[in-house]
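Using only what follows, build the 3D model:
(2 chains, ligands or ions: 2)
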Amino acid sequence: MSDRAVVELAEVWKVFDTGGRRVEALQAVSLAVARNEFAAILGPSGCGKSTLLNMVAGFDAPTRGSVLFDGEPVRAPDPRRAVVFQEPALFPWYTVLDNVTFGLRTRGLPAASYRARVEAFIEQVGLRGFEAHYPAELSGGMKQRVGIARVLVMEPDVLLMDEPFGSLDAQTRSLMQELLLSVWERHQQTVLFVTHDIEEALLLADSVSVMTARPGRIKKRLAVELPRPRSLEVTTSPFFNDLKREVLALIREESVKAAAYGPETR
Amino acid sequence: MRRLWPALLPLAFLGLWTLAVEQRWVTEGIIPSPLQVARSWQRWIFGSPVKSLSPYSGTWLAAVLYSSRRVLQGFLLAAAVGIPLGLFVGWNRLVARLVDPSIQLLRPVPITAWLPFAIAVFGIYDASALFLIGLGAFYPIVVNTTHGVRDTNLLLLRAARMMGAGEATILTKVVFRSALPSIFTGLRLGIGIAWTAVIVAEMIAVKSGLGYVLWDAYYVGRMDICVATMLSVGLLGFVSDRALQLLSRVVLKWRTLEAHA
Ligand SMILES: Nc1ncnc2c1ncn2[C@@H]1O[C@H](COP(=O)(O)OP(=O)(O)O)[C@@H](O)[C@H]1O
Ligand SMILES: [Mg+2]
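Numbering: from 1, shown residues only, chains lettered A, B, ... in the order given. Ligands and ions are numbered 1, 2, ... in the order given. Model (predicted):
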């Protein structure tokens, strides 16, 4: 284990140029995620969070600046940088089990080498008994759990999560947050987690980088020094609320600006 | 009543048809009555108790088998070429720019217009019929496969890539699977065209099968056999379409679940 950042963005700019319409999505974003850190990025919708994550994943390239993974420039998607999308993005023609093992099968590993691990992860995310079900038969929360299990079994170096619980109802979201906490506390995976939900960011992360409205910049990075293991109860602690107030103040400044920028596009 | 409802229109049609023949609304001898057709059809299928040299006695199955075999061969040929080609055209822009214009240019040429060409090149043999059937079925298959491929969800492609899938894996495990519903649409359209093409081909390019019987019966004034042939082709087309539908339900089981969700 080294102290060098696993993911490092240096002065990253991203400009979308679609048919004459120029959208400046990110402006000079610099960010470092250390090994075993749970880093959250918090910002209003349309501020460029997905854009940022997509570049770390290798789906998209920066207009300027550098995106490094393990000190190497990111060029293409790689199973060492696994992604959990906002939409579950499961393969509807595969069963839960086949979805979970897709990455392992793609790597050509023999089934015997991963069967036990896959079973353990399916158990951890509470999908036992649903292995033979198709995604269409699952609820939104269960689909998202499949999306998490399929990347956890690959044991990636970093987990990139793009508002993974954003489309779930409040109750399911809380359950999923607790689940993610328990899974994370067990595996201490490096995570880059994107969200627009303040409580979610503070509950889960070691650090929260607050982004500005479009064009997105990182306004401030806060350390969340809440003890672990955490549970939903920490959200009622005074320290949590102090942090929340601090973030809220930052966000409020930003929403005012965002309103001045006009309607959000995404 | 509820079960009879779909049969209402055909029954009314049969009634009107019988009436038209019996009341001599149409010139006598041109249009046979439904009963005549049924009798001739029965004889065509099962033969007659007295040994007969008539070409329309007990020869139905042979004609059906000739036509079905040609349809099946031509259709499989079209699928074997059309599906992989459609995959590549839909997936690779370079291949699309190479192949797509030619397909789009040739597609409007009706299959019937190819007849002289087919006979000139392949002669009055099965190859002519196969060419016409295959070509006719090829277009909807390749076009629908291409569409299906282009409709693949970008998110699923990204998911596959971040799990380490290369081009080959993506093409077979994601793109092909995602295009399958569209491919089946193409196959169903294709088999319909195959039945049209086989009749045309057999009328002119070969000397066997239902299309040949249809034309021959017309020449010798056997309208009853013509009608029986038309009904036979309709029936076979219906059955083959149903078979494909059944196959697609099995292969696309995940999709039927989606529809109920
Ligand atoms: N492919 C693209 N082409 C053009 N503009 C885009 C594209 N992707 C994102 N954008 C724009 O960039 C901005 C940031 O988008 P996004 O990263 O999706 O925001 P967030 O995830 O924070 O909601 C938005 O204004 C969006 O419209
Ligand atoms: Mg987003």
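
does chain A sit close to the helix or strand of chain B with the lowest mean pLDDT?
Every helix and strand of chain B was ranked by mean pLDDT, DSSP states H and E. The lowest is helix B:253-260, at a mean of 81. Yes: residues of helix B:253-260 contacting chain A under C-beta under 8 Å from any C-beta of the partner chain: B:253-255, B:257-258, B:260. Quick note: C-beta positions are derived from backbone N, CA and C, even for glycine.

so which of the residues you listed would you say is closest to A:Val29?
B:Glu258 (38.7 Å; C-beta to C-beta).

Pull the number of nearby residues for the residue nearest to the closest one when sequence neighbours are not counted.
The shortest distance from B:Glu258 to any non-neighbouring residue, by C-beta to C-beta, 6 or more residues apart in numbering or on different chains, is to A:Ala136 (4.0 Å). A:Ala136: 18 surrounding residues under other C-beta atoms under 10 Å in any protein chain shown.

A:Ala136 against B:Trp254, yeah?
Yes: at 6.2 Å, A:Ala136 counts as touching B:Trp254 under the criterion of C-beta atoms under 8 Å.

before we move on, the earlier item: buried by neighbour count, from the residues of helix B:253-260 next to chain A: which ones?
With burial judged by 16 or more other C-beta atoms under 10 Å in any protein chain shown, the buried subset of the residues of helix B:253-260 next to chain A is B:254-255.

just to revisit the earlier point, name the residues contacting each of A:Ala136 and B:Trp254.
Residues touching both A:Ala136 and B:Trp254 (C-beta atoms under 8 Å, 6 or more residues apart in numbering or on different chains) are A:Pro92.

Please list the residues of the stretch 101-250 of chain B that sit near chain A.
Counting by C-beta under 8 Å from any C-beta, the stretch 101-250 of chain B sits next to chain A at B:153, B:155-156, B:158-165, B:169, B:173-174, B:177-178, B:180.

change it to 10 Å
Proximity of the stretch 101-250 of chain B to chain A, by C-beta under 10 Å from any C-beta of the partner chain, involves residues B:153-166, B:169-170, B:173-174, B:176-178, B:180-181.

do the lengthiest helix in chain B and chain A meet?
For chain B, the longest helix by residue count, based on DSSP state H, is helix B:60-91. No: Helix B:60-91 stays clear of chain A (C-beta under 10 Å from any C-beta), getting no nearer than 15.8 Å.

Spell out, range by range, the helices that occur in the stretch 1-150 of chain B.
Taking DSSP state H, counting those that start in this stretch, the helices of the stretch 1-150 of chain B run over residues B:8-22, B:34-46, B:60-91, B:93-106, B:115-122, B:126-150.

Next, count neighbours for residue 18.
Looking at chain A here, since you left the chain open. Look at A:Thr18: counted by other C-beta under 10 Å, it has 7 neighbours.

was after chain B, sorry
Neighbours around B:Thr18, by other C-beta under 10 Å: 13.

And the buried ones among the residues of the stretch 101-250 of chain B next to chain A, selectable in PyMOL?
In PyMOL, this line selects whichever of these come out buried by 16+ other C-beta under 10 Å:
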select buried, chain B and resi 156+157+158+159+160+161+162+163+164+165+169+170+173+174+176+177+178+180+181
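
Keep only those of the residues of the stretch 101-250 of chain B next to chain A that are in helices.
Among those, the members falling in helices (DSSP H) are B:154-162, B:169, B:176-178, B:180-181.

Quickly check those for the two that are furthest apart.
Greatest spatial distance in those: B:Met162 and B:Pro181, 24.8 Å, computed using C-beta to C-beta.

how about the nearest residue to A:Val158 once chain neighbours are set aside, phi and psi?
Closest residue to A:Val158 apart from its sequence neighbours, by C-beta to C-beta, 6+ apart: A:Thr190 at 4.4 Å. In terms of degrees, to the nearest 10, the main-chain angles of A:Thr190 are phi -70, psi 130.

before we move on, back to that, the residue nearest to B:Glu258 and ligand 1: what is the separation?
Here A:Ala136 is placed at a distance of 27 Å from ligand 1 (C-beta to the nearest ligand atom, to the nearest Å).

Can you list the low-confidence ranges for chain B?
Applying pLDDT under 70 to chain B flags residues B:260-261.

ok and the residue in it nearest ligand 1?
The nearest approach of chain B to ligand 1 comes at B:Leu154, 10.1 Å away (C-beta to the nearest ligand atom).

Who are the packing partners of the top helix by length along chain A?
In terms of residue count, the longest helix belonging to chain A (DSSP H) is helix A:238-261. With contacts taken as 3 or more C-beta pairs under 10 Å, 6 or more residues apart in numbering or on different chains; DSSP states H and E, helix A:238-261 sits against strand A:38-42, helix A:198-204, strand A:207-211, strand A:218-223.

What mean pLDDT does stretch A:101-111 get?
Per-residue pLDDT over stretch A:101-111 has a mean of 94.

right, is that stretch up against chain B?
Yes: for stretch A:101-111, a contact with chain B is found by C-beta under 10 Å from any C-beta, at A:101-108.

hang on, B:Gly237 packs against B:Ala194?
Yes: at 8.8 Å, B:Gly237 counts as touching B:Ala194 under the criterion of C-beta atoms under 10 Å.

who touches both of those two?
Shared contacts of B:Gly237 and B:Ala194, defined by C-beta atoms under 10 Å, 6 or more residues apart in numbering or on different chains, comprise B:Val71.

A:Arg107 is in contact with A:Asp78, correct?
No: using C-beta under 10 Å, A:Asp78 is not in contact with A:Arg107, being 11.8 Å away.

Common neighbours of these two, please.
Common contacts of A:Asp78 and A:Arg107 (C-beta under 10 Å, 6+ apart): B:163-164.

So between those two, which is more surrounded?
Using other C-beta under 10 Å as the criterion, A:Asp78 and A:Arg107 rank with A:Asp78 on top: 19 against 13.

residue of the stretch 1-150 of chain B with the smallest distance to chain A?
Nearest residue of the stretch 1-150 of chain B to chain A, counting by C-beta to the nearest C-beta: B:Gly148, 12.8 Å away.
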